[in-house]
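Q: Here is a sequence together with a model predicted from it:
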Amino acid sequence: MKSGDFSGILARIVAGCLMVGCASSTMRTTPGSSTLADPPAASAETSSANTADPRLAALWARRTSAAGSGHEDYPIGPGDVLTVSVPEIDEIKDRKVRVSTQGTIELPLIGVVSAGGLSEDGLARELDLKLQKYMFNPQATVFVDEYRNREAAVVGAVNKPGLLVLTSPAETILDVLTQAGGVAPTAADELVLIPGDERSAANPQLPGGGANEQDAVGTLAMANSAHAVSIGLRSGSLSGSGKYLSLPVRPGDVIVVPGGGQVMVVGWVHNPGHFEVGSGLTVLGAIGEAGGPMYAAATKEIALIRSEKDGAKSTVAVNLDKIAHGEQPDIPVKANDVIDVPYSDLRIGPYIFYSVVERIGLMAPAIPY
């Protein structure tokens with residue numbers, strides 16, 4: 001190739017790059033309908049969401065007061081399976097009975113006995129009283145084999161979802177989440193608690209067993225969703241939303257850990273696409289998941305486009321350079337957010353010049369991607 005021809009090619013490339021830079025305003029993605037001047041703070045949003053719900057505060061006060069009353073165990077209740085034994089009576093020796101939805105059991109000789117609300121020892125004493133007309137010093141024993149009345153459900157983005165047996169009224173949401181294997185990396189920043197002690201009379205207890213156990217729990221949750229409260233998972237403050245993870249769990253509670261959904265990263269990043277939000281994912285982290293900004297990206301002019309509940313869209317201006325230097329707080333992303341990384345007018349020309357030169361196999365100075 002002659003030197004004059006090579007100079008002509010470079011001149012045309014440079015001219016094309018300059019034309020692209022001049023027309024850059026027509027190539028940008030138009031942001032949403034409104035713009036927020038200041039990015040929202042994550043901790044303040046989560047904390048205010050929890051403290052603003054008086055039902056959660058009332059539930060905390062009621063359950064923490066009951067947990068400190070000195071009761072160390074749950075009473076017998078509907079669905080529990082008991083082993084009742086009276087050594088001198090063959091009909092009531094190691095006999096298994098299930099507590100009815102009315103809280104009663106039925107035994108030979110004795111008939112129907114109210115067991116709901118009693119402890120194992122309390123029910124044994126009640127049986128002794130009823131058996132005294134048949135024998136001297138009956139010595140009945142009661143043992144709870146299955147605690148159907150002590151189950152709580154953990155469903156959603158946890159590692160081992162299902163029904164869990166509560167061992168003490170002092171067990172908390174954090175304890176139950178630990179039993180469920182912890183929250184999954186794709187979990188949202190908040191969980192939903194549907195209190196079992198406020199469920200409707202039409203659904204007195206959690207269903208257990210069978211192939212459709214998860215569907216039954218979901219049906220129960222929908223029936224009682226009016227009582228649901230949200231609790232933040234991210235706050236570590238014992239005086240803020242974080243303290244509600246220490247809320248005592250009660251039988252029949254349904255704890256739903258939603259998935260975080262997906263955020264879309266588009267524009268001048270190395271690997272644009274959809275990414276799982278998870279707990280604590282921010283704009284900086286989402287762009288990192290997308291491979292980081294390219295050389296031509298305008299890192300000071302990134303747009304976070306968010307769909308609101310009423311269908312409107314809002315746009316938050318993001319300066320990635322200030323976030324990286326701690327001059328601006330990073331912004332937590334939510335499901336269905338779109339992060340648009342535009343190109344820089346100053347960098348798009350050199351970037352295209354380098355790309356074209358590299359493709360035709362000519363030597364060119366190194367330029368970062």
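A: Looks like it arrived, so ask away.
Q: Tell me, what's the model's pLDDT at the closest residue to L320 other than its chain neighbours?
A: Setting aside the residues directly before and after it, L320 is nearest to T299 in space (C-beta to C-beta, 6 or more residues apart in numbering), at 4.1 Å. Quick note: C-beta positions are derived from backbone N, CA and C, even for glycine. Predicted confidence (pLDDT) for T299: 91.
Q: And the closest residue to W268 other than its chain neighbours, how far from D321?
A: The shortest distance from W268 to any non-neighbouring residue, by C-beta to C-beta, 6+ apart, is to A297 (3.9 Å). Using C-beta to C-beta, to the nearest Å, A297 is found at 11 Å from D321.
Q: Show me which of the two is the more surrounded one.
A: A297 (23 against 12; other C-beta atoms under 10 Å).
Q: how near is K313 to R150?
A: As for K313, its distance to R150 is 47 Å (criterion: C-beta to C-beta).
Q: quick one, which of these two is more surrounded?
A: Remark: of K313 and R150, R150 carries more neighbours, 25 against 13, as counted by other C-beta under 10 Å.
Q: For that one, which non-adjacent residue is spatially closest?
A: In space, and not counting its chain neighbours, R150 is closest to L166: 4.5 Å by C-beta to C-beta, 6+ apart.
Q: Now do the helix or strand where G349 lies: distance to the chain's middle.
A: Taking DSSP states H and E as the criterion, G349 maps to helix 345-359. The gap between where helix 345-359 is centred and where its chain is centred comes out at 44 Å by C-alpha atoms, centre = their mean, to the nearest Å.
Q: List the buried residues for it?
A: Neighbour counts using 16 or more other C-beta atoms under 10 Å place 345, 347-354, 356-357 of helix 345-359 among the buried residues.
Q: what do you get for stretch 328-339?
A: The neighbour-count check on stretch 328-339 (16+ other C-beta under 10 Å) flags 328, 330-334, 337-339 as buried.
Q: Quick check: the farthest pair among those?
A: Greatest spacing in those, by C-beta to C-beta: Q328 and V338 (19.6 Å).
Q: Please report how far the residue nearest to L320 lies from L284.
A: Taken as C-beta to C-beta, the span from T299 to L284 is 10 Å.
Q: Now do the contacts for the closest residue to P251 other than its chain neighbours.
A: The shortest distance from P251 to any non-neighbouring residue, by C-beta to C-beta, 6+ apart, is to R150 (5.0 Å). By C-beta atoms under 8 Å, 6 or more residues apart in numbering, the residues touching R150 are 74, 77, 80, 165-167, 251.
Q: Could you single out the nearest of those to S114?
A: If you rank the contacts of R150 by distance to S114 using C-beta to C-beta, G77 comes first, at 11.7 Å.
Q: How about the secondary structure of the closest one?
A: Under the three-state scheme (DSSP: H, G, I helix; E, B strand; the rest coil), G77 adopts coil.
Q: And the one 10 residues further on, by the same measure?
A: Under the three-state scheme (three-state DSSP), the conformation of P87 reads as coil.
Q: Enumerate every residue touching it.
A: Contacts of P87 by C-beta under 8 Å, 6+ apart are 93, 139.
Q: what's the distance between it and V113?
A: From P87 to V113 the distance is 18 Å (C-beta to C-beta).
Q: Also V155?
A: 35 Å.
Q: I302 now?
A: Distance of I302 to V113, computed by C-beta to C-beta: 69 Å.
Q: Name the residue in the two with the higher neighbour count.
A: Neighbours were counted for I302 and for V113 using other C-beta under 10 Å; I302 has more, 26 against 17.
Q: got the contact list for the more buried one?
A: 283, 287, 317-320, 339-342.
Q: ok, now with 6 Å
A: Going by C-beta atoms under 6 Å, 6 or more residues apart in numbering, I302 touches 318, 320, 341.
Q: How about I92?
A: Going by C-beta under 6 Å, 6+ apart, I92 touches 86, 107.
Q: Helices along the chain, start to end?
A: Using DSSP state H, the helices of the chain run over 3-22, 42-51, 54-67, 120-131, 173-179, 213-223, 283-289, 320-324, 345-359.
Q: which helices and strands sit right next to the fifth one?
A: This points to helix 173-179. The contact analysis (3 or more C-beta pairs under 6 Å, 6 or more residues apart in numbering; DSSP states H and E) places helix 173-179 against no helix or strand.
Q: Same question for the fourth one.
A: If contacts are counted by 3+ C-beta pairs under 6 Å, 6+ apart, helix 120-131 sits against strand 141-146.
Q: Run through the protein and note the low-pLDDT ranges.
A: For the chain, the stretches flagged by pLDDT under 70 are 1-52, 66-73, 197-226, 234-241, 279, 361-369.
Q: And it, what are its domain boundaries?
A: Under automatic domain parsing, the residue ranges defining each domain of the chain are 19-40+261-359, 53-71+149-257, 81-146.
Q: Between the two ends of the second one, what distance do you get?
A: Going back to what we said before, that points to domain 53-71+149-257. Start-to-end span of domain 53-71+149-257 (C-alpha to C-alpha, to the nearest Å) is 19 Å.
Q: likewise the last one?
A: This stretch, domain 81-146, spans 5 Å end to end (C-alpha to C-alpha).
Q: just stretch 271-288 next, same as before
A: End-to-end distance (C-alpha to C-alpha), stretch 271-288: 9 Å.
Q: quick one: contacts of that stretch?
A: Contacts of stretch 271-288 from elsewhere in the structure, counted by C-beta under 6 Å, 6+ apart, are 185-187, 189, 233-234, 260-266, 289-291, 304, 318, 323, 330-333, 335, 339.
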